Every structure is written in structure tokens, then in C-alpha cells.
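A.B. asks: Everything below, folded, please.
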Amino acid sequence: MNPTTKPEEPADESGDNEAERAVPAAADKNDAPGPSLAKDPGENPEVGAEGAHGDADGAGTASDDGDDGDPLTDDLDGEYTPPPSSGLAAASTALISVLLSLVALIGTWSGRVIAERETLVGQIDLGQTGTAEQQISEIYGDAWHATALTNGIFAVLALIVGLAALGLPQRKSWVRPFAVAGIALGALALLISVGMYFDVFVSLPEPPPAAPPTTG
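C.D. replies: Model prediction:
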């Protein structure tokens with residue numbers, strides 16, 4: 001008697017198929033591209049802003065300073081800075097102003113020569129026929145006025161040179177006081193010269209009145 005063989009039960013194809021379908025699905029889900037947490041340096045807004053800001057600052061600095069790395073171009077494009085003045089011109093001008101003002105106050109050799117010339121010209125013009133008033137005016141008055149005019153010219157020069165000394169670059173502390181002293185003395189000499197020329201301080205001498213004729 002043959003043993004009864006049980007019929008083989010068919011494999012649960014549905015279960016196997018579901019397992020097989022689940023495995024590829026999980027594999028596909030893992031293989032699918034997802035959002036990457038790593039950030040590209042170019043996509044970082046902070047890094048990009050800082051880089052752009054640094055580039056802008058660098059460009060602004062280069063454009064403002066005019067320094068493009070070429071020394072020849074920098075020397076031509078940049079402004080020329082003159083060397084500091086030594087102050088010699090201001091010092092010399094201040095001293096000249098003081099000397100001119102002293103000359104205007106004391107008198108000069110040229111003024112004396114001009115006065116003597118005017119005296120000689122007056123004597124030649126009048127001769128022996130001029131009156132006393134004419135002799136005083138031509139011989140003494142003209143010489144006096146010529147001296148005052150010469151001193152006044154030196155006084156004006158002292159004022160001009162003193163003002164120029166104040167406008168020049170100064171390096172020494174004594175230059176300004178000397179320039180101011182030259183201006184003050186020049187103004188005083190000019191005032192005296194004007195008074196002498198117009199006979200304000202001292203008038204010309206006057207001849208004595210003529211004696212009345214005697215009757216005999």
C-alpha cells in the first residue's frame with residue numbers, strides 16, 4: 001500500500017512577491033536624491049556678501065588712493081607735495097624792512113646829496129636879484145622838501161617789505177616781531193616825512209620885516 005503523499009502546498013506567492021516588492025522599494029527610496037545638508041561656499045549668503053563687500057572695499061580703496069601698484073603711474077597721477085620752506089626769505093625780508101625804516105627815520109646819504117643839489121640850483125636861479133623870501137624858498141625850502149621826499153620813499157618801501165615778510169612762510173619765531181617792527185617804524189617815518197614836506201611840524205623861516213625908510 002502506497003503511502004499517501006500529501007500534495008505540496010503552493011508557496012505563498014503573494015507573500016514572497018510582497019517581500020520582494022518591499023525590498024526594491026526601500027532600495028529605491030534610499031537611492032533617491034535628497035536635500036543635501038552641505039552648503040556650497042558660493043551659495044552661502046554670508047560668505048558671498050562678505051566676499052562682495054571685501055571686493056568692493058578693495059576696489060574703492062584702490063580707486064580712492066589712486067594706487068594701482070605702478071610707481072610711475074602713482075607719481076604722475078598723485079598730487080605733488082612741495083618740500084617745506086626754509087623760511088630764509090621771510091627772515092631776510094623782515095630784517096630789510098627794519099633797516100629801511102631806520103634809514104627813513106635817520107636819513108640817507110642820497111637824501112643829503114639831493115638836498116645839496118636843490119640848494120645849488122636855487123642859488124643859480126636867483127643869483128643876486130632875489131628877495132629874501134625867494135632865497136629862503138628856493139635855497140632852503142626846496143632842499144628841505146627833497147630830503148623829506150627821499151625819506152618818505154624809504155618809509156613806503158619799508159612798509160611794503162614788512163607786509164611781504166608777514167605773508168611769506170615763517171620758520172623762526174622772531175621773524176614776525178621783526179616784520180611788525182619794520183611796519184611800525186616805516187609808518188612812523190612816513191608820518192614824519194609827510195609832516196616835513198608840508199611844513200606841518202616846522203615851518204620855513206620868515207625874513208624880518210623891512211625897516212621903514214628914514215626921513216631926514
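A.B. asks: Enumerate the positions of stretch 120-132 that are buried.
C.D. replies: Applying a neighbour-count criterion of 16 or more other C-beta atoms under 10 Å, one finds 122, 130 buried in stretch 120-132. For glycine as for every other residue, the C-beta is placed from the backbone atoms N, C-alpha and C.
A.B. asks: Show me the contact partners of stretch 160-180.
C.D. replies: If you take C-beta atoms under 8 Å, 6 or more residues apart in numbering as the criterion, stretch 160-180 is touched by 84-87, 89-91, 93-98, 100-101, 182-183, 186.
A.B. asks: er, stretch 119-130 I mean
C.D. replies: 134-135, 138-140, 142-143.
A.B. asks: Adding neighbour count and secondary structure, write these out as JSON lines.
C.D. replies: What follows is the contacts of stretch 119-130, written out as JSON lines (neighbours: other C-beta atoms under 10 Å; DSSP: H, G, I helix; E, B strand; the rest coil):
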{"residue": "134", "neighbour count": "15", "secondary structure": "helix"}
{"residue": "135", "neighbour count": "16", "secondary structure": "helix"}
{"residue": "138", "neighbour count": "19", "secondary structure": "helix"}
{"residue": "139", "neighbour count": "19", "secondary structure": "helix"}
{"residue": "140", "neighbour count": "16", "secondary structure": "helix"}
{"residue": "142", "neighbour count": "18", "secondary structure": "helix"}
{"residue": "143", "neighbour count": "21", "secondary structure": "helix"}
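A.B. asks: Residue 202 - how many residues pack around it?
C.D. replies: 9 (other C-beta atoms under 10 Å).
A.B. asks: one step back: pull out the buried members of the contacts of stretch 160-180.
C.D. replies: Buried members of these, scored by 16+ other C-beta under 10 Å, are 90-91, 93-98, 100-101, 182-183, 186.
A.B. asks: for the chain, what are the low-confidence residue spans?
C.D. replies: 1-85, 128, 210-216 (pLDDT under 70).
A.B. asks: can you do 90?
C.D. replies: Low-confidence segments of the chain, defined by pLDDT under 90, are located at 1-89, 107-111, 119-140, 168-173, 199, 201-216.
A.B. asks: what residues are up against residue 134?
C.D. replies: residue 126.
A.B. asks: do you know how far it is from residue 145?
C.D. replies: 15 Å (C-beta to C-beta, to the nearest Å).
A.B. asks: re earlier: turn the buried ones among the contacts of stretch 160-180 into JSON lines, including secondary structure and distance to residue 127.
C.D. replies: Converted to JSON lines, the buried ones among the contacts of stretch 160-180 look like this (DSSP: H, G, I helix; E, B strand; the rest coil; distance: C-beta to C-beta, whole Å):
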{"residue": "90", "secondary structure": "helix", "distance to residue 127": "55"}
{"residue": "91", "secondary structure": "helix", "distance to residue 127": "54"}
{"residue": "93", "secondary structure": "helix", "distance to residue 127": "49"}
{"residue": "94", "secondary structure": "helix", "distance to residue 127": "50"}
{"residue": "95", "secondary structure": "helix", "distance to residue 127": "48"}
{"residue": "96", "secondary structure": "helix", "distance to residue 127": "44"}
{"residue": "97", "secondary structure": "helix", "distance to residue 127": "45"}
{"residue": "98", "secondary structure": "helix", "distance to residue 127": "45"}
{"residue": "100", "secondary structure": "helix", "distance to residue 127": "39"}
{"residue": "101", "secondary structure": "helix", "distance to residue 127": "41"}
{"residue": "182", "secondary structure": "helix", "distance to residue 127": "45"}
{"residue": "183", "secondary structure": "helix", "distance to residue 127": "46"}
{"residue": "186", "secondary structure": "helix", "distance to residue 127": "41"}
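A.B. asks: Alright, calling it a day.
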